[in-house]
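In: Dropping a prediction and its sequence here:
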Amino acid sequence: MPITAIKVDSKLANAWKSKSGRELSEPELMAMPDSEYMSEKQLDFFRGRLTVLKDDLLSNAGETTEHLREDTSIVPDPADRATIEEEHALELRTRDRERKLLKKISQALTRIESGEYGYCDETGEPIGLGRLIARPTATLSLEAQQRRELKQKMFGD
């Protein structure tokens, strides 16, 4: 698969120099030169992104607790009760996934502080800004993740 050069807007190419990491937009981050990979500005960008995501998840968890408390009234119709119970089960599964994501976010923030963030756990190579923007908790490069998924598909968990 050929790698194509990404055309960088000249305005974006230098915009990152005058901004803090948290003020950067995704296009400005992508326009930064390779020599700035996981510089303090980029780490600050991802630290901010992860912190906002963590705060949103914690806020959602509080709303779920309130929602589950409100709907505990006794419903005489079995079909209505089943619907409410199914909605609660779905909401609890969603929160469970978010709980697991919170753990990954905390691990990513720890990796930022230790200087390991942005580099593949298996190969030590850069994960890449595009992948980190899409999945800020990524710990594997795209190639390493594909190898892992292929092994899981072939041999199971």
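Out: That came in fine, so what should we check first? Numbers count the residues shown, from 1 in each chain.

In: give the contact list for the spatially closest residue to S39 that is not a sequence neighbour.
Out: Across the structure, with C-beta to C-beta, 6 or more residues apart in numbering as the measure, the residue nearest S39 apart from its sequence neighbours is M32 (7.8 Å). Bear in mind the C-beta positions are built from the backbone N, C-alpha and C, glycine included. Counting by C-beta atoms under 8 Å, 6 or more residues apart in numbering, M32 makes contact with 16, 39, 41-42, 129.

In: want to try a markdown table for these, with secondary structure as columns?
Out: Converted to a markdown table, those look like this (DSSP: H, G, I helix; E, B strand; the rest coil):
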| residue | secondary structure |
| --- | --- |
| W16 | helix |
| S39 | coil |
| K41 | helix |
| Q42 | helix |
| L129 | helix |
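
In: Ranking by neighbours, what's the top pick from these?
Out: Highest neighbour count within those: W16, with 24 neighbours (other C-beta atoms under 10 Å).

In: What distance do you get for the residue of the chain most remote from its centre to E85?
Out: Of all residues in the chain, the one whose C-alpha sits farthest from the chain's mean C-alpha position, using C-alpha atoms, centre = their mean, is P76 at 42.0 Å. Relative to E85, P76 is positioned 14 Å away (C-beta to C-beta, to the nearest Å).

In: Please parse the chain into its domains.
Out: Under the assignment automatic domain parsing, the domains of the chain span 38-115, 118-157.

In: ok, of those, where does mean pLDDT dip lowest?
Out: Lowest mean pLDDT of the domains of the chain: domain 38-115, a mean of 86.
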